[in-house]
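Colleague: How does the following fold in three dimensions:
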Amino acid sequence: MSGPQTPEHVLDAQGDSSSCRKDEDAREGTQSSHRMLGFSDALLSIIATVMILPVTHTEISPEQFDKSVQRLLATRIAVYLMTFLIVTVAWAAHTRLFQVVGKIDDTLALLNLACMMTITLLPYTFSLMVTFPDVPLGIFVFCVCVIAIGVVQALIVGYAFHFPHLLSPQIRCSAHRALSRRHILHLVLRGPALCFLAAIFSLFFFPVSYLLMVTVIFLPYISKASSWCKDRLVGHRDPPAPSAEVFSFDLHEPLSKERVEAFSDGVYAIVATLLILDICEDNVPDPKDVKEQFRGSLVAALGAYGPHFLAYFGSFATVGLLWFAHHSLFLHVRKATQAMGLLNTLSLAFVGGLPLAYQQTAAFARQPQDELERVRLSCAIVFFASIFQFAIWTAALLRQAETLQPAVRFGGQEHAFMFAKLALYPCASLLAFAATCLLSRFSTAIFHVMQIAVPFAFLLLRLLVRLVLATLRALRSLRPPQPLPSRAPEEAQSRLLPSSC
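Modeller: Sure, this is the predicted structure:
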């Protein structure tokens, strides 16, 4: 009779099992899809984020800044937000797809690369859309790219189900494999189907095309709402078969917290990288200018770019601290709901707009007469990026027993600190915006003070929260004590009762 297994024996057994799986995959000519999914996630997060580049490089005339900003907000930023959210829909569909496909071979790898290549064309089609908003060709080409992505993903589904050894074990062993295939094809193709209609309408009435593309973004939530209404009107349907129940449940559930964190980290990292790329492109002095204007002094030439570097450091600190707030929030999240996923996507869309805020603040030195409008635009971007983070936590609190760790729930020891951390940037940006309305002459100084003060507030935030809570407790203790109810009737009644002695 063998004795109990030691941890070393368990690790050896796990290593042997992993080695056997790798040997089996090598014999079948397959490999795990995890690394390819990570590559696809990184590429999709890059594509979603670089959509902001055509917006950041918009030339705004100093004479008509107000009209230019109105045009920018009405067309380019709106179209950027729409396309960013459509890319996140494609990312979610791709992630769902590889919940079904567990292994890949050479053919699947090439099909996935074809899908990624089509996705990399989306920023170019977006540039056509924002440069020529009234010309239907940009909308048509964008919709054709989305349709091509859906077709390639459908080919991946068909190929994987034709060779079942590529499927995940849960689907491969299911008795309802055909139902599973129809289900995943429905999830993959419903967005491209709407884009097909949008491409047709772009040829003769393009406003309907934009409406259909916006519908692609909210289609999962519209589908869920319609199912809820149908259940209330018709009644609950019969539950699915046990073998298909887990599969349907997984695909209708929100994406896992880990996948949301990975995609979000990719967006934050790319935004930070775009900031330094702008520094490298715009703030390296021309040798001819150094020789003619600064008498050959590179130090003097770099000194002229001081405001640009100040804007860079402030923008990088904003990106980094927003990431830190996001990290702190998801550190205490147990499960992400569908509403939290939508709010996170909206927050990331405005985080992707932070390079535009950097471009506006870097222009203070070049065009000081426009600084008020630029400050307000930058404050608005920071506000929306941070307020949607706060909304994620608010949505989590509505179902806190399911979504949050006990420490940050109502009454938890970290609840007040998390509230302050997530409310800091919305309050600071809103306060800066309001201050520029009252003190418009000092708008640049107000914005730079906000950029400098918020990092120090983050450092001192825990101490400040403790001081505020201690002050509130002290004020509560200073309130006069409430008078106790009179006991005179009870005492009189006790005197009337006979003594037990």
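Colleague: Looking at the helix or strand hosting Leu275 now, give me its mean pLDDT.
Modeller: Counting by DSSP states H and E, the element that carries Leu275 is helix 257-282. In this model, helix 257-282 has a mean pLDDT of 82.
Colleague: how about it: buried residues?
Modeller: Within helix 257-282, the residues that qualify as buried are 257, 259-272, 274-275, 278-279, counting by 16 or more other CB atoms under 10 Å. Just so you know, the C-beta spots here come from the backbone N, C-alpha and C atoms, and that holds for glycine as well.
Colleague: Kindly report the same for stretch 321-339.
Modeller: Applying 16+ other CB under 10 Å to stretch 321-339 flags 321-323, 325-326, 328-330, 332-333, 336-337, 339 as buried.
Colleague: and the end-to-end length of it?
Modeller: One end of stretch 321-339 sits 23 Å from the other (CA to CA, to the nearest Å).
Colleague: In terms of secondary structure, what does the helix holding Leu275 contact?
Modeller: Packing contacts for helix 257-282, counted by 3 or more CB pairs under 8 Å, 6 or more residues apart in numbering; DSSP states H and E, involve helix 34-50, helix 78-100, helix 306-331, helix 338-351, helix 354-362.
Colleague: Out of those, which is the most enclosed?
Modeller: Comparing these by mean neighbour count (mean count of other CB atoms under 10 Å), helix 354-362 comes out on top with a mean of 25.
Colleague: hmm, back to that, can you tell me which of the buried residues of stretch 321-339 is closest to Val55?
Modeller: Leu322 (18.8 Å; CB to CB).
Colleague: close enough to count as contact, that closest one and Tyr425?
Modeller: Yes - using CB atoms under 8 Å, Leu322 is in contact with Tyr425, at 6.6 Å.
Colleague: Dump the helices and strands packed on helix 257-282 to a markdown table, plus distance to Ala474 and mean pLDDT.
Modeller: Formatted as a markdown table, these follow (distance: least, CB to CB, whole Å; pLDDT from 0 to 100):
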| stretch | distance to Ala474 | mean pLDDT |
| --- | --- | --- |
| helix 34-50 | 47 | 86 |
| helix 78-100 | 46 | 85 |
| helix 306-331 | 28 | 84 |
| helix 338-351 | 36 | 89 |
| helix 354-362 | 40 | 75 |
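Colleague: looking at those, which is closest to Leu194?
Modeller: That would be helix 78-100 among the helices and strands packed on helix 257-282, by CB to CB, at 10.1 Å.
Colleague: List the neighbouring strands of the next helix or strand after that closest one plus their orientation.
Modeller: Per DSSP H and E, the first helix or strand lying C-terminal to helix 78-100 is strand 103-104. Using DSSP bridges, strand 103-104 pairs in its sheet with strand 31-32 (antiparallel).
Colleague: who touches the partner strand?
Modeller: Outside strand 31-32, the residues within contact range by CB atoms under 8 Å, 6 or more residues apart in numbering are Asp25, Gly102, Lys103, Ile104, Asp105.
Colleague: which regions of the stretch 151-300 of the chain sit below the pLDDT cut-off?
Modeller: 235-254, 278-286, 289-297 (pLDDT under 70).
Colleague: Would you map the strands across it?
Modeller: In the stretch 151-300 of the chain, no strands are defined using DSSP state E, counting those that start in this stretch.
Colleague: Helices of that one, start to end?
Modeller: 169-172, 177-201, 206-234, 242-252, 257-282, 287-293, 298-303 (DSSP state H, counting those that start in this stretch).
Colleague: Also the stretch 401-501 of the chain?
Modeller: 415-438, 443-459, 461-477, 488-496.
Colleague: Kindly reformat these as JSON lines containing distance to Val135.
Modeller: Output for those, formatted as JSON lines (distance: least, CB to CB, whole Å):
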{"stretch": "helix 415-438", "distance to Val135": "35"}
{"stretch": "helix 443-459", "distance to Val135": "36"}
{"stretch": "helix 461-477", "distance to Val135": "49"}
{"stretch": "helix 488-496", "distance to Val135": "88"}
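Colleague: so which of those helices gets nearest Leu348?
Modeller: Comparing the helices of the stretch 401-501 of the chain under CB to CB, the one sitting nearest is helix 415-438, at 14.8 Å.
Colleague: pLDDT averaged over that closest one - what is it?
Modeller: On average, helix 415-438 scores 86.
Colleague: if we can go back for a sec, list the residues that contact both of Leu322 and Tyr425?
Modeller: With CB under 8 Å, 6+ apart as the test, Leu322 and Tyr425 both reach Ala385, Ser386, Gln389.
Colleague: Make CSV out of those and add pLDDT, neighbour count and secondary structure.
Modeller: Formatted as CSV, the shared contacts of Leu322 and Tyr425 follow (pLDDT from 0 to 100; neighbours: other CB atoms under 10 Å; DSSP: H, G, I helix; E, B strand; the rest coil):
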residue, pLDDT, neighbour count, secondary structure
Ala385, 92, 27, helix
Ser386, 92, 27, helix
Gln389, 93, 27, helix
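Colleague: quick check, nearest of those residues to Trp228?
Modeller: Gln389 (27.1 Å).
Colleague: Can you give me the distance of that closest one to Val130?
Modeller: Using CB to CB, to the nearest Å, one obtains 27 Å as the distance from Gln389 to Val130.
Colleague: Show me which of the shared contacts of Leu322 and Tyr425 is closest to Cys173.
Modeller: Gln389 (40.9 Å).
Colleague: Could I get the contacting residues of the closest residue to the closest one other than its chain neighbours?
Modeller: Spatial nearest neighbour of Gln389, excluding adjacent residues (CB to CB, 6 or more residues apart in numbering): Ser347 at 5.1 Å. Contacts here follow CB under 8 Å, 6+ apart; on that basis Ser347 touches His326, Phe384, Ala385, Ser386, Phe388, Gln389, Ala391, Ile392.
Colleague: and of those, the nearest to Lys421?
Modeller: For the contacts of Ser347, the nearest to Lys421 is Gln389 (9.5 Å; CB to CB).
Colleague: right, and the closest one touches Leu329 too?
Modeller: Yes - between Gln389 and Leu329 there is a contact under CB under 8 Å: 6.7 Å.
Colleague: shared neighbours of the two, anything?
Modeller: With CB under 8 Å, 6+ apart, Gln389 and Leu329 have common neighbours Leu422.
Colleague: Can you report how many residues lie near Lys230?
Modeller: Using other CB atoms under 10 Å, Lys230 has 12 other residues around it.
Colleague: Would you mind measuring from it to Leu187?
Modeller: 18 Å.
Colleague: now do Gly102
Modeller: Gly102 is 17 Å from Leu187, by CB to CB.
Colleague: and for stretch 137-152, what are the contacting residues?
Modeller: 83, 86, 90, 111, 114-115, 118-119, 121-122, 125-126, 128-132, 188-189, 191-193, 195-196, 198-199, 202-203, 206, 209-210, 213, 216.
Colleague: do that again at 7 Å, thanks
Modeller: The contact list for stretch 137-152, computed with CB atoms under 7 Å, 6 or more residues apart in numbering, reads 86, 90, 111, 114-115, 118-119, 121-122, 125-126, 128-129, 132, 188-189, 191-192, 195-196, 198-199, 202, 206, 209.
Colleague: Same question for stretch 184-195.
Modeller: 89, 93, 96-97, 100, 143, 146-147, 149-150, 153-154, 157, 212-213, 215-216, 219, 251.
Colleague: and those residues, which are buried?
Modeller: Buried, going by 16+ other CB under 10 Å: 89, 93, 96-97, 100, 143, 146-147, 149-150, 153-154, 157, 212-213, 216, 219, 251, out of the contacts of stretch 184-195.
Colleague: Might you report the residue contacts of Val130?
Modeller: Pro54, Val55, Thr75, Arg76, Val79.
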